[in-house]
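# everything below, folded, please.
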Amino acid sequence: MSKSRRTTLQDIADVVGMTKMTVSRFLKDPNLVAESSRKDIQTAIDKLGYIPNKAPNILSKGRSHAIGVLFPSISNHVFDEVLRGIESITEPAGYQIMIAHYAYSPELEEKRISSLLGYHVDGLILSESVHTGNTLRMIDSSGVPVTEIMDTCTKPIQQAVGFDNLDAAKQMTLNMLEKGYKNIAYIGAKGDIRDLLRQQGYEEAVLSYQLTPLIFRSPEFSSIRLGSEILDDILSIEPKVDGVICTNDDVAMGMLLSCKRKGIKVPDELGITGMHGHDMGQLYSPALASVITPRFRIGQVAAEQLLARINGLQNIETYIDLGFTLNDGESI
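Just a heads-up that it's a prediction; the model follows:
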């Protein structure tokens, strides 16, 4: 079977009985074409499945009106609201986003960024603050603006929008200690920099009470299943654990579900906290204690900042910390 030929401007022009130049003007701005012709051209475009060729516009104006967005995980609920926040800004501004997933791998992130820069994206929103040397060189040579999201502890390439992960975990741990918990464990997953910062915050809080940190870390990605399975390890290795600080709500929800199956009373026998304040945790019974983070707003601000810089803004804030709040829920 021969490969189908891509619809051209001339094909559209032939169908509507107009010149290719008229169709081209319509694609640039429908108002440049007589009102009586607009509907016919649009109908032909829809019928023939025409795909605009943006390459000439990119070459002439140096703009693709596309932004690359990199997420480390497509299963982590954290990034759902971040994405909605980004799109709430980019869509009205006429920008499309190109999403790439890199599974928490700096090497895979490097490949994804190389590909996105090859498509001449106008800017990048990155979810990581640790990158390979080649990634940093590519970004530097491309000249595109970059905003890193979800953390304000680590020095960014150019700009960071998020919250202080270390302080968030520290404040929640102190909150539990003040409530009388004595043997609090930290539950980590495949350790990205934010997870490790939360662990550090937890350790600082526990040590300030002259207590011994208890760290449980899995090499797997965070998930509800992981939280459910890791409870057995905690109870078998350190049966006196009376509270846990989970790296995120997915892991915490897994532990809540496992406690219900095992008949462990929360919070009377075990206090559980998460990170980010997802709806699933807030609607569960008992409602999950969590650090509430402004994920939608983080996406919005990151996109606003990036578009402003694409349009020439020079004086930027290196760190934009949008804060967090503690919610005790019913699980501590």
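
# how near is residue 156 to residue 280?
30 Å (CB to CB, to the nearest Å). For the C-beta atoms, the positions are set from N, CA and C on the backbone; glycine is no exception.

# ok, the two, which is more surrounded?
Per other CB atoms under 10 Å, whichever of residue 156 and residue 280 has more neighbours is residue 156, with 18 against 14.

# wait, doesn't the more buried one sit right on residue 148?
Yes: the criterion here is CB atoms under 8 Å, and residue 156 meets it with residue 148 at 4.6 Å.

# show me whatever sits in contact with both of the two.
Both residue 156 and residue 148 are contacted by residue 129, under the criterion CB atoms under 8 Å, 6 or more residues apart in numbering.

# how about exporting stretch 257-270 as CSV, limited to the C-alpha atoms?
Extracted in CSV, the C-alpha atoms of stretch 257-270 (Å, rounded to 0.1, in the frame of the first residue of the first chain):
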residue,chain,number,x,y,z
LEU,A,257,-5.7,1.1,53.1
SER,A,258,-3.3,-1.5,54.5
CYS,A,259,-4.1,-0.4,58.1
LYS,A,260,-7.8,-0.8,57.4
ARG,A,261,-7.3,-4.3,56.1
LYS,A,262,-5.1,-5.3,59.1
GLY,A,263,-7.3,-3.7,61.7
ILE,A,264,-4.7,-1.1,62.7
LYS,A,265,-6.5,1.9,64.1
VAL,A,266,-5.5,5.3,62.6
PRO,A,267,-4.5,7.5,64.4
ASP,A,268,-4.7,5.7,67.7
GLU,A,269,-2.2,3.0,66.9
LEU,A,270,-0.4,4.7,63.9
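
# quick one: mean pLDDT over it.
The average of the pLDDT scores along stretch 257-270 is 95.

# list the contacts of that stretch.
Applying CB under 8 Å, 6+ apart, the contact partners of stretch 257-270 are 224, 227-229, 231-232, 241-244, 255-256, 272, 286, 330-332.

# can you do 10 Å?
176, 179, 181, 185, 224-225, 227-232, 234-235, 241-244, 255-256, 272-273, 284-286, 288-289, 328-332 (CB atoms under 10 Å, 6 or more residues apart in numbering).

# select only the buried ones of those residues in ChimeraX?
The buried residues among the contacts of stretch 257-270 can be selected in ChimeraX (16 or more other CB atoms under 10 Å) with this line:
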select :176,181,185,224,227,228,230,231,234,241,242,243,244,255,256,272,273,284,286,288,289,328,329,331,332
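
# wait, isn't residue 230 in contact with residue 215?
No: if you go by CB atoms under 10 Å, residue 230 and residue 215 don't touch, sitting 11.9 Å apart.

# mutual contacts of those two, please.
Overlap of the contact sets of residue 230 and residue 215 (by CB under 10 Å, 6+ apart) consists of 185, 187, 188.

# from those, which is closest to residue 88?
Distances from residue 88 to the shared contacts of residue 230 and residue 215, taken as CB to CB, are shortest for residue 188 (31.6 Å).

# any idea how far the closest one lies from residue 202?
9 Å.

# again, but for residue 331
Taking CB to CB, one finds residue 331 at 17 Å from residue 202.

# residue 269 now?
For residue 269 relative to residue 202 (CB to CB), the value is 21 Å.

# swap in residue 155?
Relative to residue 202, and taking CB to CB, residue 155 is found at 22 Å.

# so between these two, which is more surrounded?
residue 202 (27 against 9).

# now do the host helix or strand of that one: distance to the chain's middle.
Using DSSP states H and E, residue 202 falls within helix 193-208. Distance of helix 193-208 from the chain centroid (CA atoms, centre = their mean, to the nearest Å) equals 22 Å.

# and the next helix or strand after it, what does it pack against?
On the C-terminal side of helix 193-208, the nearest following helix or strand under DSSP H and E is strand 214-217. Applying 3 or more CB pairs under 10 Å, 6 or more residues apart in numbering; DSSP states H and E, one finds that strand 214-217 contacts strand 184-188, helix 193-208, helix 224-237, strand 243-246.

# which of those sits closest to residue 51?
Among the helices and strands packed on strand 214-217, the nearest to residue 51 by CB to CB is helix 193-208 (38.5 Å).

# avg pLDDT for that closest one?
96.

# next, the angle from it to strand 184-188.
170 degrees (axes from the mean of the first three to the mean of the last three CA atoms, to 10 degrees).

# got the CA coordinates for helix 193-208 in PDB?
Below are the C-alpha coordinates for helix 193-208, written out as PDB (Å, rounded to 0.1, in the frame of the first residue of the first chain):
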ATOM      1  CA  ILE A 193      16.000  15.400  45.000                       C
ATOM      2  CA  ARG A 194      12.700  16.500  46.500                       C
ATOM      3  CA  ASP A 195      12.200  13.200  48.300                       C
ATOM      4  CA  LEU A 196      15.700  13.400  49.700                       C
ATOM      5  CA  LEU A 197      15.100  17.000  50.800                       C
ATOM      6  CA  ARG A 198      11.900  15.900  52.600                       C
ATOM      7  CA  GLN A 199      13.900  13.100  54.300                       C
ATOM      8  CA  GLN A 200      16.500  15.700  55.400                       C
ATOM      9  CA  GLY A 201      13.700  17.900  56.900                       C
ATOM     10  CA  TYR A 202      12.300  15.000  58.800                       C
ATOM     11  CA  GLU A 203      15.700  14.100  60.200                       C
ATOM     12  CA  GLU A 204      16.300  17.700  61.300                       C
ATOM     13  CA  ALA A 205      13.000  17.700  63.200                       C
ATOM     14  CA  VAL A 206      13.500  14.300  64.800                       C
ATOM     15  CA  LEU A 207      17.100  15.100  65.900                       C
ATOM     16  CA  SER A 208      16.000  18.400  67.400                       C
END
